[in-house]
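J.: kindly generate the corresponding structure for this input.
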Amino acid sequence: MRLYELVNFYHIDTDLTCAEAMFRACNEYYGLHLSEETRKMFSVMGIGMQTEQSCCGAFTVAVGVIGLMTAREGQTDADNLEGYRLISELTLFMLRQYETLQCAGLQSLEIPGYKRPCHAIVQELAKKLEELLPSQNGAPPSRPRRMCS
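T.: Numbers count the residues shown, from 1 in each chain. Predicted structure coming up:
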């Protein structure tokens, strides 16, 4: 199963925000084994940090995953050139595709074939993230387990 399929599984027709869906999908897809405490940290990032005026929650989670997967022990931000490059690519992708990273601006888009623009945006964001960060083990999960709490 692809990352975008997992994101859709957790996002469409559920009560999860874009950030929660991206977190669960990435945690499962990349085998990150992130804790419940980590999930809680990302849980308030949906709906533009709960304000609609801030950055897209799914994008924020994707950036966090890039940091997690590219930073090395003891490394500072300035030393993580790979992470910087990937985040720059992801940012440019979003700006070229949607012209904004702000939640309210993204929610106001009309995307043919989608009732909610967030579904299309989160799906395309997951596709781009998977392109930038392929699965490390080469075997993403085949059967997601919906565990909404």
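J.: buried set for the biggest helix by length in the chain?
T.: Longest helix of the chain, by residue count under DSSP state H: helix 81-98. Judged by neighbour count using 16 or more other CB atoms under 10 Å, the buried positions of helix 81-98 are 83, 86-87, 90, 93-94, 98. Glycine gets a C-beta too; all of them are placed from N, C-alpha and C.
J.: just send those residues back as CSV, with pLDDT too.
T.: Below are these laid out as CSV (pLDDT from 0 to 100):
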residue, pLDDT
G83, 93
L86, 96
I87, 96
L90, 98
F93, 98
M94, 97
Y98, 96
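J.: return the member of the residues you listed nearest to G113.
T.: Nearest to G113 among these, counting by CB to CB, is Y98 at 15.4 Å.
J.: so after the worst-scoring helix or strand of the chain on mean pLDDT, what's the next helix or strand?
T.: When each helix and strand of the chain is scored by mean pLDDT, DSSP states H and E, helix 46-49 comes last, with a mean of 67. Per DSSP states H and E, the first helix or strand lying C-terminal to helix 46-49 is helix 57-70.
J.: quick one on the thing from earlier: against which helices or strands is the longest helix of the chain packed?
T.: Under the contact criterion of 3 or more CB pairs under 8 Å, 6 or more residues apart in numbering; DSSP states H and E, helix 81-98 touches helix 57-70, helix 117-132.
J.: average pLDDT for the helix or strand following that helix?
T.: Later in the chain than helix 81-98, the nearest helix or strand by DSSP H and E is helix 103-107. Averaging pLDDT along helix 103-107 gives 91.
J.: helix 103-107: which residues count as buried?
T.: Buried residues in helix 103-107, counting neighbours by 16+ other CB under 10 Å, are found at 103, 105-107.
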